[in-house]
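*Asks:* attaching a predicted model along with its sequence, questions to come.
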Amino acid sequence: MSERSGYQAGRHRFAVLVACCVVVLISAGALVTSTESGLSVPDWPLSYGSLNPPNWWTISTVRAEHGHRLIAGTVAMLTVLLAVWTGVKEERRWVRTLAWSAVAVVLAQALLGGLTVLFFLPTAISVSHAALAEIFLCMTVTLALVTSRWWHEARRGAPAATGAGPLFRAARVTAVLVFAQILVGAVMRHSGAGLAIPDFPLVFGGLVPPRFDFGIAVHYGHRLGALAVAIAIVLTVIRARRVRDGGSGPRRLWIAMAVLVAVQIALGGAVVLTGKDALPNTAHVATGATLLATSLLMALTSWRLAGGRRERVSVGAAVPRRARPAAQPDGVGGA
Amino acid sequence: MKKYGFVMFSLLAVGLLGVACGGAPEETPRAAPASAPVGTAVITGVVNYTNGDPDTAIDMNADPVCLTLHEDEAQTQKVVGDPGKLGNAFVYIKSGLSGSYPVSDEPAILNQEGCMYSPHVSGVQVGQRLLIRNSDPTLHNVHALPTVNAEFNKGQPFQNMEFDHTFDKPEVMIRFKCDVHPWMSSYMGVLDHPFFAVSAADGSYSIDKVPAGTYTVEAWHETLGTKTMEVTVGDNAVAAANFDFAPASG
């Protein structure tokens, strides 16, 4: 029986690497959509009947699509490695389950990617592919966080950090809103509604569209969603600034969230004003994924600071659970 | 285990049967031979185009190989025609015909040459063999976007690759595009008769061997839309049908 232990620097760094690679993978996928290269490689799982089609690197559309596939394959292998490593060395069962679930999700994600090519990019499959990518990112980000030294050692046995409970409640809502906003964005993107409202920041010169169809409604919903996310992040930042004894984690995260949401709104405007130029369009998706990851980190970190359930840790001794705060989450459980 | 073995055997048997039955090449039933009279009339005319924008240069930077295939800048193929004339308009008998017409034994050819489709506009009969060829030293995908027939997207990664396809329903027009080279597109009319033509650079077209009768003739253009007119033609006669296109105002 293999020996399992708590914090392992190597495995944590590897988990961080995997999470970063997922952001790269999502960005590569966004480039495929932004350059309308999704069908430039018409077959799947091979590309033009081979592992590497001729001159694929020199042709921009094929480079985008085939490159996305190669990155996806690499990420899938890294995810399997992480799951094996976690399975062997991780003592918390739920973390092991999460790691293997990530493998299942990345395989399902590959299948969705193949299906959307073989069925000529139907909106439902393409949106599902985009949504599952974000869920996969959340899983790898969670793995990276819960394998960190900070997570293992955070305030073990200490009282909840002042203000962490309210921060958790705000951050939880923010993370859900960001995810929902990305879903609406994916529907807009894959249904071709990115320019359904052609001006920015106004909407047909006003604040409300003079008429609605599906494209305009989805696009307008995405803009309203951006407003809701921005407000949620402002509230989260305010609460994060009130946290005492929380270490540097919340501070770094709220700064990142504030910067990212500002950049993201600017990129959204740039997408419209440039007529969906590939560069801002891709950057918009990449920044959205990063914002989701940051929001999730803020939610999990604040949950931990608020006294979230403790797992059995490396020394093998059960850490006594303290009384839960009023808003105890039930999404992440102990051993 | 026995039960599973039986299930596996059944699945295998059904699969093999499917392969055996489905192994034959896709054959679309061809139209009944020559049940309709062979005509002697001709419908001819000119497609005019006034005040229109000319073709423009194509940016082929996405694929360096495509750049090497053209000494001069490649042009779009929307207008093609001489001044005041419109090439690449698809002219066909839209209605008025009766009976069925034999399908040509000659295959229609859609070639990819110089990272352009050739021809840019063409017609094919239902059930007629369409031969799609890649003459370029770079890869292409052939993505047909019909709304009535079945959509397909096939890769041709090597020079001189070919494949056949037949359409089984009439449809005007079907767009072909190459997702590798976004500037590449072609349009094909699929008809259940052979009475169609594509206007040349001087705008002229001619539809031969038309049976005597009164027909609705339509001219289609990829950006300018359609124009129709009634044409009556007798045996051994020539009927003129000219079409005038202009850019949409405003």
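*Replies:* Alright, I've got the coordinates.

*Asks:* mind showing which ranges of the chain have poor pLDDT?
*Replies:* By default, I'm working from chain A. Within chain A, the ranges that satisfy pLDDT under 70 run A:1-5, A:155-158, A:309-335.

*Asks:* meant chain B, my bad for not saying
*Replies:* Within chain B, the segments meeting pLDDT under 70 span B:1-37, B:249-250.

*Asks:* find the residue at the geometric middle of it.
*Replies:* B:Met188 (1.9 Å; C-alpha atoms, centre = their mean).

*Asks:* that residue reaches B:Leu110, doesn't it?
*Replies:* Yes - B:Met188 lies in contact with B:Leu110 (C-beta atoms under 8 Å); the separation is 7.2 Å. All C-beta spots, glycine's among them, are computed from the backbone N, C-alpha and C.

*Asks:* could you list which residues are in contact with whichever residue of the stretch 101-250 of chain A sits closest to chain B?
*Replies:* Closest to chain B within the stretch 101-250 of chain A is A:Phe120: 5.8 Å, counting by C-beta to the nearest C-beta. Neighbouring residues of A:Phe120 by C-beta atoms under 8 Å, 6 or more residues apart in numbering or on different chains: A:Leu39, B:His143, B:Glu151, B:Asn153.

*Asks:* repeat that with 6 Å
*Replies:* The contact partners of A:Phe120, by C-beta atoms under 6 Å, 6 or more residues apart in numbering or on different chains, come to B:Glu151.

*Asks:* before we move on, what about B:Asn111?
*Replies:* The neighbours of B:Asn111, taking C-beta under 6 Å, 6+ apart as the test, are B:Ser118, B:Arg133, B:Ser135.

*Asks:* let's see 8 Å
*Replies:* Neighbouring residues of B:Asn111 by C-beta under 8 Å, 6+ apart: B:Tyr117, B:Ser118, B:Ile132, B:Arg133, B:Asn134, B:Ser135.

*Asks:* ok, back up a step: shared neighbours of B:Met188 and B:Leu110, which are they?
*Replies:* Counting by C-beta under 8 Å, 6+ apart, the contacts common to B:Met188 and B:Leu110 are B:Ser122, B:Leu130, B:Phe176.

*Asks:* wait, the second one sits on B:Pro107?
*Replies:* In other words, B:Leu130. Yes - between B:Leu130 and B:Pro107 there is a contact under C-beta under 8 Å: 6.6 Å.

*Asks:* what residues are up against residue 205?
*Replies:* All of this refers to chain A. With C-beta under 8 Å, 6+ apart, A:Gly205 has these contacts: A:Asp199.

*Asks:* nope, chain B please
*Replies:* B:Tyr205 sits next to B:Thr44, B:Gly45, B:Val46, B:Val47, B:Ala89, B:Val91, B:Ala197, B:Val198, B:Ser199 when contact means C-beta under 8 Å, 6+ apart.

*Asks:* wait, which of the residues you listed is closest to A:Val84?
*Replies:* Using C-beta to C-beta, B:Val198 is the member of the contacts of B:Tyr205 that lies nearest A:Val84, at 61.1 Å.

*Asks:* could you measure from the closest one over to B:Val124?
*Replies:* B:Val198 sits 12 Å away from B:Val124, going by C-beta to C-beta, to the nearest Å.

*Asks:* please say which of these two ends up with more neighbours.
*Replies:* In this view B:Val198 and B:Val124 are compared by other C-beta atoms under 10 Å in any protein chain shown, and B:Val124 has more residues nearby, 24 against 20.

*Asks:* SS state for the more buried one?
*Replies:* Of the three states, B:Val124 takes strand under DSSP: H, G, I helix; E, B strand; the rest coil.

*Asks:* tell me what it is bridged to.
*Replies:* B:Val190 (DSSP bridges).

*Asks:* hmm, B:Asp168 and it touching each other?
*Replies:* No - B:Val124 is beyond contact range of B:Asp168, at 11.6 Å (criterion: C-beta under 8 Å).

*Asks:* okay, buried residues for the host helix or strand of A:Val141 please.
*Replies:* Using DSSP states H and E, A:Val141 falls within helix A:123-146. Within helix A:123-146, the residues scored as buried using 16 or more other C-beta atoms under 10 Å in any protein chain shown are A:125-134, A:136-146.

*Asks:* near chain A, which residues of chain B?
*Replies:* By C-beta under 8 Å from any C-beta of the partner chain, the residues of chain B that approach chain A are B:62-65, B:138-139, B:141, B:143, B:151, B:153-155, B:157-158, B:179-182.

*Asks:* apply 6 Å and report the result again.
*Replies:* B:62-64, B:139, B:141, B:143, B:151, B:153-155, B:157, B:179-180 (C-beta under 6 Å from any C-beta of the partner chain).

*Asks:* from the residues you listed, which is closest to B:Thr226?
*Replies:* Checking the residues of chain B next to chain A against B:Thr226 by C-beta to C-beta gives B:Glu151 as the nearest, at 22.8 Å.

*Asks:* helices along chain B, start to end?
*Replies:* Using DSSP state H, the helices of chain B run over residues B:2-22, B:64-68.

*Asks:* for the helix holding A:Val141, give me every contacting residue.
*Replies:* A:15-16, A:18-19, A:22, A:26, A:95, A:99, A:102, A:105-106, A:109, A:112-113, A:115-116, A:151, A:182-183, A:186-187, A:190-191, A:289, A:292-293, A:296, A:300.

*Asks:* for burial, what's the neighbour tally of A:Val22?
*Replies:* A:Val22 has 28 neighbouring residues, counting by other C-beta under 10 Å.

*Asks:* can you check B:Gly127 too?
*Replies:* 19.

*Asks:* ok, A:Gly247 next?
*Replies:* Residue neighbour count, defined by other C-beta under 10 Å, stands at 14 for A:Gly247.

*Asks:* swap in B:Asn242?
*Replies:* 15.

*Asks:* please tell me how far it sits from B:Val233.
*Replies:* Distance of B:Asn242 to B:Val233, computed by C-beta to C-beta: 14 Å.

*Asks:* check B:Gly155 too.
*Replies:* 45 Å.

*Asks:* ok, back up a step: any chance of the shared contacts of B:Met188 and B:Leu110 in a markdown table, with distance to A:Gly247 too?
*Replies:* As requested, these are exported to a markdown table (distance: C-beta to C-beta, whole Å):
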| residue | distance to A:Gly247 |
| --- | --- |
| B:Ser122 | 70 |
| B:Leu130 | 68 |
| B:Phe176 | 60 |
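
*Asks:* what residues does chain A have near chain B?
*Replies:* So chain A meets chain B at A:39-40, A:42-43, A:48, A:53-54, A:58-62, A:120 (C-beta under 6 Å from any C-beta).

*Asks:* which of those residues count as buried?
*Replies:* Neighbour-count burial (16+ other C-beta under 10 Å) applied to the residues of chain A next to chain B gives A:Leu39, A:Ser40, A:Pro42, A:Asp43, A:Tyr48, A:Pro53, A:Pro54, A:Ile59, A:Ser60, A:Thr61, A:Val62.

*Asks:* just checking, the second one is part of a strand?
*Replies:* No - for A:Ser40, which was evaluated using three-state DSSP, the result is coil, with no strand membership.

*Asks:* quick one: it and B:Cys178 touch, right?
*Replies:* No - applying C-beta atoms under 6 Å, one finds A:Ser40 not in contact with B:Cys178, separated by 8.2 Å.
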